[in-house]
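# Pasted the sequence and its predicted model underneath.
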2 protein chains.
Amino acid sequence: MTSRQVARLTADTPAIADAHFRAEAEPFDPDARPDGYLNLGTAENRLLWDLVGPRLAALPAPTERTSRYAPLHGTPELRERVAALLTGTCRAPLAADEFVVISGATGALDAIATALCDPGEAIVVPAPYYGAFDTDLGGRSGARLVPAPLAAADGFRLSAEAVDRALVGARRAGAVVRAVAFSSPSNPVGEVHPPGVLADLLDVVRAHDVDLIADEIYAHAVFGDRPFTSALDPSVNRHWAERTHLVWGFAKDFALPGLKTGVLHTRSREVLAAARALAYFAPVSTATQEVFTGLLDDQGWVAGFLAEGRRRLAESHRHVADLLDEHGLPRAPAGAGFSVWLDLGAWLPGPGAAGGPASANGRSLADGFAAEERLWRELLDVRRVSILPGAAFHSPAPGWFRLCHTVGAPLVTEAVRRIAAHVHTGRTRGRADGSVHVKGDRP
Amino acid sequence: MTSRQVARLTADTPAIADAHFRAEAEPFDPDARPDGYLNLGTAENRLLWDLVGPRLAALPAPTERTSRYAPLHGTPELRERVAALLTGTCRAPLAADEFVVISGATGALDAIATALCDPGEAIVVPAPYYGAFDTDLGGRSGARLVPAPLAAADGFRLSAEAVDRALVGARRAGAVVRAVAFSSPSNPVGEVHPPGVLADLLDVVRAHDVDLIADEIYAHAVFGDRPFTSALDPSVNRHWAERTHLVWGFAKDFALPGLKTGVLHTRSREVLAAARALAYFAPVSTATQEVFTGLLDDQGWVAGFLAEGRRRLAESHRHVADLLDEHGLPRAPAGAGFSVWLDLGAWLPGPGAAGGPASANGRSLADGFAAEERLWRELLDVRRVSILPGAAFHSPAPGWFRLCHTVGAPLVTEAVRRIAAHVHTGRTRGRADGSVHVKGDRP
C-alpha cells in the first residue's frame, strides 16, 4: 500500500511521455521505415549536435577531485559560469551564490514551488501553459495550479489583466495563492513577451503580494525581431526582484536534455536556503557539472554557438511556417522556442467516429476538447505523427496543437504533408503512406 | 516567506556537512600544511582512484542518442547491468524492470519513504544509524524516524528483538508505523549482519505487517570473514520479498560519490510505479548513466576491481585497528564499511570547559552527549581532526565516534596520533603540531 501523497503522482499515465516513447521506438526513415512515426511532440532541438558533440568529446575526463562529494546545490565553478552567462542574457547582475544547480528544470520548478507553497495552496499560470507544470510545480509540493486563460483571438498573448483576473477570482474562491508562474519566452505559443507586458505583470504580482516564478529555459532560443527580456531585467522589475525566481537549464539552449541540469536563481535568502535544502535530494552528477563548466568556459565558443543556434532556429521556423502557409494551416505568431502553435480548430472531427470537417464553434468546450483528442489520436495512430493537443497545455480553446519543428526539415516536411493530407481529405483513415486501410486494434 | 513543509529542511544547519567542507578547505599536508585538517568524517573511499580513473578516462564521449531524453527512471542499459551485478551480490534474481535509477542513494531513500509514508507516519530504525536517514527518509516525505536502540555492551549488533520492542512501543504510543529501515552492512558500526538475524528481522517486520527498507550501499565493501547476505536473499527472505525494498548506489562501492547515482529495487508494482513517478524529479544525467553502463559492461574488470577494493579495505581496516590498539583506544568489531566505531567514552570531558578525563558512567545521558559534543569540537577545532560524534548517528550511548579510515594510511596514522595525544594528555588545548596555543575565536 503506498502513501496518499504519492497517489497524486501515479493517478495518471502521462500521455505525452507515452506518445514520445512510442514514436521514438519506430521512427520514420524515408527508406527503411517510410510509414514510421514522426515525433514532433517533444521539445528537443536536434539541429545542434554537430556543434555540441565535438565539444563534449574534447572535454577532459572526470578527475579524482571532481568525482568526489561537492556542494549538493552545485559546484562553485558551474554556478559562476552560469551566473556570468545569464547576467548577459538577462541584463541583470546575477551572482553565483544566488544559484542552485539541480536535476533538471523540473527539479528547479519543484524546488521553488515546494519552497513557496504548502499542499493545497495555489499558483496562477497564464494558459495555455507548459503541460508538465502541473507535475513539476504541483506533483510533490501539493500546490494546485489555477489557469489564467489567455485569449485565442489575441493569439494567446500574455496579458497582465488576465493574470490579475485569475488572481482575484482564485482568492474570491478561497484559494491561498502564493505565486504566479509562466514561461518566458512562452511555451507552447513561442511568444517573446514585450517589456511593457512584463512590467505590467510585475505590477500585478506586486499588488497581489505573490511571488513570480519565471521559467526562462528558452531564453536563448529567440529568433524573431523582438529581443528577450528577462523578468529580472531592471527595466521591467525595479521593486520585485527578491520575489522573482528564475528557472533555466541546459536542455533547450544547449540541446542536451538527457543531461538533466537545471538551475534556480533567487535573491531571497529564505528561498535560497530552502532551495539548497531541496537540491540535496536531486543533485547533478559532478561529472555532468564538469561537462557544462567546460562548455561555458570558452565564452567565445558559447557566443558563436548561441548565435548559430538562433540562426538555425529562425531557418527551421521559416521552413515550417512556409509549409503551413502553403497547406493553409493557420498558427499563432512565434518569435522563440522550438514549436509552432497550430490551429486545427476548423478541422475537428464531429462527435461520431468518422465525422467530416467541423468547426469548433457552436458546441460545448467539452465536446470541442473531445474532438481535439480524437484528431490527436487519429494523427498519432493513423498518420503516425506525434504532435501534442492543446488540452495537454490547458489551452482555453480546443483545436490547437503544438508542433515542434526542431527535428530537421525533411521530417517537418513529411509531418506537415501528413497532417494536411489528413485534414484536407475529409480525414479518410489512411495510412501514413497515403494508402487506405481499416484501423486495426491499435488503441 | 517560505512554506511550512520546507521549514523542517532548513531548521538545522547540518553540522556534518559544515565539518566536511571546513576540513576539505584546509587539508593536512605533511609539508605544506602540517597543521591542516584531517577529514576522517566523510565516508568516502579514496583508495581506488588509480583503478577507477583510467577506466573513466577510457570511456567514449556521450553520443547524440545518449544525450537525448531517456526514461527518467533510468536507461534500460544501466538498469540491466545493475540488475546483473546485484543479482550476483544479493544471490537473488533481480530484474532490470524492478529498478529505478535516481539521483543518489539519498534520492532512492526519499523515494521509498515518500512512496510508503504520509507526513507524521513512522519508520523504525535500529540505532545507531546513518545520520542522514533523518533527512533522506524524513525530510521530504514527512515521515518521522523512531530509533530502536541497540546495546552498547553488545557492540551495537543488530537485534530483531530490539526492532520488535521499538515497533511495539511506537504503536502503543499511537504511531502509524509503515516501515523498518536499516543499513546492511551497518553504518556506522560496520557489522555484516548474520543470516539468522536477518531472518529474525524479516519475521518481525512480517509479524508487524510493515515494509523493510534495506540500504545495502556497502554491499561490496565487505572485508571480514562473514560474507554479505542481502535482505532479499531467499535463504533469509522467503515470504516478504514484495515488501522488502533495496537501496544501492555507486558512491561507496565504486568510490564515485560525486556522480550521485543511486538505485531502488522493489518487487511491489505499486511502489515501483510510485518510485518511477518520484524519479521524474531527480533523474540522473544520461551521460553519467552511460559512464556506469560502460564501467559495468566489463564484468571481468568489475569482479577484479571489487576484489581489489575488498583487499584494500581489509588492509586499511587492519592499519587503523592496529593503531587504535597501540594507542589503547577501543572500538566495536567491524567486517565491512569505511569506518571504525570508536569508543572514547572513557575520555569524555567533564562539564567545565577544561575538565580532565572522565567516565560516561554516573551522569545523565544528556550530560554525556553534551560532553561528547565538547570532545568532538575539541578534536575538530584544536586537533583539526574531523570525525563524527555518535549523536550524529543517534547512538543510544554517548562517547562513540565514527572514524573513516579510507583516506590513506598516512592521514589515518596522523589522525589517530592526534586523537590519542588529545585524550591521553589530559586534553591540553594544544595545536595539531603539538605546540600549545590559546584557543582563538574559531567556534
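Nice, I can see it. Numbering: from 1, shown residues only, chains lettered A, B, ... in the order given.
# Could you check how far residue A:145 is from residue A:137?
Taking Cβ to Cβ, to the nearest Å as the measure, residue A:145 falls 6 Å from residue A:137. Quick note: C-beta positions are derived from backbone N, CA and C, even for glycine.
# Overlap in contacts, those two.
Residues touching both residue A:145 and residue A:137 (Cβ atoms under 8 Å, 6 or more residues apart in numbering or on different chains): A:123, A:125, A:181.
# one step back: when residue A:145 and residue A:137 are compared, which one has more neighbours?
Between residue A:145 and residue A:137, counted using other Cβ atoms under 10 Å in any protein chain shown, residue A:137 has the larger neighbour count: 28 against 19.
# wait, what's in contact with that one?
So residue A:137 contacts A:109, A:110, A:112, A:113, A:123, A:125, A:143, A:145, A:181, A:213 (Cβ under 8 Å, 6+ apart).
# pretty sure the first one is in a helix, no?
Right, residue A:109. Yes. Counting by DSSP: H, G, I helix; E, B strand; the rest coil, residue A:109 is found in a helix.
# wait, what's in contact with residue A:223?
Applying Cβ under 8 Å, 6+ apart, one finds that residue A:223 lies in contact with A:310, A:311, A:313, A:314, A:317, A:335, A:336.
# per-residue pLDDT, the closest residue to residue A:343 other than its chain neighbours?
Nearest-residue entry for residue A:343: residue A:330, 4.4 Å, with adjacent residues in sequence omitted and distances by Cβ to Cβ, 6 or more residues apart in numbering or on different chains. Looking at residue A:330, its pLDDT is 97.
# Quickly note the distance from residue A:330 to chain B.
Residue A:330 is 29 Å from chain B, where distance means Cβ to the nearest Cβ, to the nearest Å.
# Isn't that residue up against residue A:341?
No. Residue A:330 lies out of contact with residue A:341 (Cβ atoms under 8 Å); the separation is 9.9 Å.
# give me the element residue A:52 is part of.
Element membership for residue A:52, per DSSP states H and E: helix A:49-58.
# same for that helix, what does it pack against?
If you count contacts as 3 or more Cβ pairs under 8 Å, 6 or more residues apart in numbering or on different chains; DSSP states H and E, helix A:49-58 packs onto helix A:286-297, helix A:299-326.
# out of these, which comes closest to residue B:25?
Evaluated with Cβ to Cβ, those place helix A:286-297 nearest to residue B:25, the distance being 17.2 Å.
# Now stretch A:41-53: buried residues?
Neighbour counts over stretch A:41-53 (16 or more other Cβ atoms under 10 Å in any protein chain shown) mark A:41, A:42, A:43, A:44, A:45, A:46, A:47, A:48, A:49, A:51, A:52, A:53 as buried.
# which one of those sits closest to chain B?
residue A:49 (4.4 Å; Cβ to the nearest Cβ).
# Leaving out chain neighbours, which residue sits closest to the closest one?
residue B:64 (4.4 Å).
# Over to residue A:76?
Using Cβ to Cβ, 6+ apart and skipping residues adjacent in sequence, the residue nearest residue A:76 is residue A:96, 6.5 Å away.
# Need phi/psi at that neighbour.
Dihedral pair for residue A:96: phi -60, psi -40, per degrees, to the nearest 10.
# from memory it sits against residue A:79, does it?
Yes. Using Cβ under 8 Å, residue A:96 is in contact with residue A:79, at 4.1 Å.
# count of residues packed around residue A:171?
Neighbours of residue A:171 under the rule other Cβ under 10 Å: 16.
# Export only the CA atoms of the lowest-mean-pLDDT helix or strand in chain A, formatted as CSV.
Least confident helix or strand, chain A: helix A:15-25 with a mean of 81, by mean pLDDT, DSSP states H and E. Extracted C-alpha coordinates of helix A:15-25, given in CSV (Å, rounded to 0.1, in the frame of the first residue of the first chain):
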residue,chain,number,x,y,z
ALA,A,15,0.0,10.5,-22.4
ILE,A,16,2.7,12.8,-23.6
ALA,A,17,5.5,10.6,-22.4
ASP,A,18,3.7,7.5,-23.9
ALA,A,19,3.4,9.2,-27.3
HIS,A,20,7.1,10.2,-27.1
PHE,A,21,8.5,6.8,-26.4
ARG,A,22,6.1,5.1,-28.8
ALA,A,23,7.1,7.5,-31.6
GLU,A,24,10.8,7.0,-30.7
ALA,A,25,10.6,3.2,-30.8
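# In contact with residue A:155, which residues?
A:189, A:191, A:332, A:333.
# An error on my part: the question was meant for residue A:259.
Shown in contact with residue A:259 (Cβ under 8 Å, 6+ apart): A:250, A:251, A:288, A:291, A:292, B:62, B:67, B:285, B:286, B:287.
# For residue B:287, see how far away it is.
Counting by Cβ to Cβ, the gap from residue A:259 to residue B:287 is 5 Å.
# low-scoring stretches of the stretch 301-443 of chain A, by residue?
Scanning the stretch 301-443 of chain A for pLDDT under 70 picks out A:351-362, A:426-443.
# Repeat the analysis, applying 50 as the threshold.
Counting by pLDDT under 50, the stretch 301-443 of chain A has low-confidence residues at A:352-360, A:428-443.
# In it, what residue lies closest to chain B?
Taking Cβ to the nearest Cβ as the measure, the stretch 301-443 of chain A has residue A:407 as its residue closest to chain B, at 11.3 Å.
# Please report phi then psi for residue A:298.
Torsion angles, degrees, to the nearest 10, at residue A:298: phi -90, psi 90.
# isn't residue A:212 right next to residue A:203, touching?
No. Contact criterion Cβ under 8 Å: residue A:212 and residue A:203 do not qualify, at 11.0 Å.
# Of these two, which one has the most company?
Between residue A:212 and residue A:203, counted using other Cβ under 10 Å, residue A:212 has the larger neighbour count: 24 against 15.
# OK, contacts around that one?
Applying Cβ under 8 Å, 6+ apart to residue A:212 gives the contacts A:179, A:180, A:181, A:182, A:201, A:202, A:205, A:231, A:240, A:243, A:244, A:245.
# Of those residues, which are in range of chain B?
Checking the contacts of residue A:212 against chain B by Cβ under 8 Å from any Cβ of the partner chain, not one of them is in range.
# Filter these down to just the ones in helices.
Among these, the members found in helices (DSSP state H) are A:201, A:202, A:205.
# Out of the residues you listed, who's the most crowded?
When neighbours are taken as other Cβ under 10 Å, the top entry among the ones in helices among the contacts of residue A:212 is residue A:201 (28 neighbours).
# That one: what's it in contact with?
A:158, A:160, A:163, A:180, A:182, A:193, A:212, A:231.
# Reformat the residues you listed as JSON lines; add distance to residue A:218.
JSON lines is the format used below for the contacts of residue A:201 (distance: Cβ to Cβ, whole Å):
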{"residue": "A:158", "distance to residue A:218": "14"}
{"residue": "A:160", "distance to residue A:218": "20"}
{"residue": "A:163", "distance to residue A:218": "19"}
{"residue": "A:180", "distance to residue A:218": "18"}
{"residue": "A:182", "distance to residue A:218": "12"}
{"residue": "A:193", "distance to residue A:218": "11"}
{"residue": "A:212", "distance to residue A:218": "17"}
{"residue": "A:231", "distance to residue A:218": "13"}
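# Between those, which sits nearest chain B?
Ranked by distance to chain B (Cβ to the nearest Cβ), the contacts of residue A:201 are led by residue A:212 at 14.5 Å.
# would you say the closest one is within a strand?
Yes. Counting by three-state DSSP, residue A:212 is part of a strand.
# Report the beta-bridge partners for it.
Under DSSP bridges, the beta-bridge partners of residue A:212 are residue A:180, residue A:244.
# Just the local confidence number for it, please.
For residue A:212, the pLDDT comes out at 98.
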